[in-house]
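**Student:** give me coordinates for this.
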Amino acid sequence: MPIRLVIMMKAIFVSMPEVVMIFMFVIVILCATDKHAPAGFSPIAIGLRLILIHFISIPVANTSVNLARSTSQALLIGGFSLQQLWLFWIAPLVGTLISGVVYPTIYLG
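**Tutor:** Residues are numbered from 1 along each chain as shown. Now for the predicted structure:
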């Protein structure tokens, strides 16, 4: 098996927690800010979900959630960090796109 394929498969495997966590985070944001949600509780739900993301996925995949922080650190360190930077941009975008498709299907369907 070519080494590039192994590295790509490992990157996809490591990015799964970030995709899932961002998916659930965006779903919580969409549900908490929905017109049918109780007023005033959205900051609590969103904040607790963000804490949960960090507790669960930082030990597993060094998740970032903050693209600006990921980019700044990769630019400062350079080298292998810049080679991994695409993962910290693509995984949140994929999770957001999935939640953008799932939310209207389930909650508005």
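**Student:** tell me the secondary structure at the residue nearest in space to the middle of the chain.
**Tutor:** For the chain, the residue whose C-alpha lies nearest the mean C-alpha position (CA atoms, centre = their mean) is residue 22; its distance is 3.0 Å. Secondary structure assignment for residue 22 (DSSP: H, G, I helix; E, B strand; the rest coil): helix.
**Student:** got the contact list for it?
**Tutor:** 53, 65, 91-92, 94-96, 99 (CB atoms under 8 Å, 6 or more residues apart in numbering). To be clear about C-beta, it is placed using only N, CA and C from the backbone, and glycine gets the same treatment.
**Student:** pLDDT score for it?
**Tutor:** Taken from the predicted model, the pLDDT recorded for residue 22 is 91.
**Student:** ok, it to residue 78 distance?
**Tutor:** Spatial separation of residue 22 from residue 78 under the definition CB to CB, to the nearest Å is 26 Å.
**Student:** next: residue 59.
**Tutor:** Between residue 59 and residue 78 the distance, using CB to CB, works out to 25 Å.
**Student:** related to what we said a few turns ago, from the contacts of residue 22, which two are the most distant?
**Tutor:** Greatest spatial distance in the contacts of residue 22: 53 and 94, 15.4 Å, computed using CB to CB.
**Student:** which one's more surrounded, these two?
**Tutor:** Looking at residue 53 and residue 94 with other CB atoms under 10 Å, you find the greater number of neighbours at residue 53, namely 20 against 16.
**Student:** skipping its backbone neighbours, what lies nearest that one in space?
**Tutor:** Counting by CB to CB, 6 or more residues apart in numbering, residue 53 lies nearest to residue 21, which is 4.6 Å off, once chain neighbours are set aside.
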